[in-house]
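> Fold the stuff below for me.
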Amino acid sequence: MLKPKSALVVALLITYVLFVQAQTGRKRSAANSNEEIGKTIEQLESQLRIAALKPDPGWFDVHLAERYTEVDAQGKVQSRKDVITALRSGDLAYDAMNLSEGEASIYNGDSVLLIQKEQLQGGFHGRNFSGVFRCSRFWVKQNGEWQLAATQRTPITGEAGTEPKP
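Numbers count the residues shown, from 1 in each chain. Down below sits the predicted model:
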């Protein structure tokens, strides 16, 4: 039989071990969750690229948040409706979209800021917008589904052959 002091030490030790295991489990769980989120956003980005090149306005209709906002490389603001309408009419057409140098930051498991390099070729209302851009996309999880809430493109200057064409 344990003495009262020994029983107290054993109880505290057990409590400590259980606490440490619970904390470690949470960290592993969060890491797994972030890894899953990263894979999901990577898949959505791949789908977005394919949908832009086809074009598939239906994909954008499903995956753009109701209050989606896009700021293009000239600083013009486009709404969800503007983007989908332009894709449907053919006024917005992508000939090439190459993504690289992506870095994602995950916040609270329901929002992701993705910053990447985009090499684009295409046109909007008959004007060429080809060039190399730093692109930020903000993904949010709403009603259990990931939605693209915002996009912003900034021309990358100073790299040979990367100046956006007017």
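> For residue 98, which non-adjacent residue is closest in space?
In space, and not counting its chain neighbours, residue 98 is closest to residue 119: 4.2 Å by CB to CB, 6 or more residues apart in numbering. Where you see a C-beta, it was placed from the backbone N, CA and C, and this is true even at glycine.
> So residue 158: helix, strand or coil?
With DSSP: H, G, I helix; E, B strand; the rest coil as the basis, residue 158 sits in coil.
> Burial check on it, number of neighbours?
6 (other CB atoms under 10 Å).
> State the pLDDT value of it.
On pLDDT, residue 158 comes in at 73.
> Also residue 69?
98.
> any idea of the mean pLDDT in the single longest strand found in the chain?
In terms of residue count, the longest strand belonging to the chain (DSSP state E) is strand 92-107. Averaged across strand 92-107, the pLDDT comes to 94.
> circling back: and the residue nearest to residue 98, how far from residue 40?
Separation of residue 119 from residue 40 (CB to CB, to the nearest Å): 24 Å.
> ok, back up a step: pretty sure the residue nearest to residue 98 sits in a strand.
Yes: counting by three-state DSSP, residue 119 is located in a strand.
> Is it correct that it is in contact with residue 95?
No: in terms of CB atoms under 8 Å, residue 119 does not count as a neighbour of residue 95; the distance is 11.1 Å.
> Would you mind telling me which of those two has more residues around it?
residue 119 (15 against 11).
> partners of the more buried one in the sheet?
Bridge pairing for residue 119 (DSSP bridges) gives the partners residue 98, residue 132.
> Now residue 90: closest residue in space, sequence neighbours ignored.
residue 55 (7.9 Å).
> can you count the residues close to that neighbour?
When neighbours are defined as other CB under 10 Å, residue 55 has 18 of them.
> now swap in the one 5 residues further on and tell me
One way to gauge burial is a neighbour count; for residue 60, by other CB under 10 Å, it gives 20.
> Now do the contacts for residue 93.
55, 122, 123, 124 (CB atoms under 8 Å, 6 or more residues apart in numbering).
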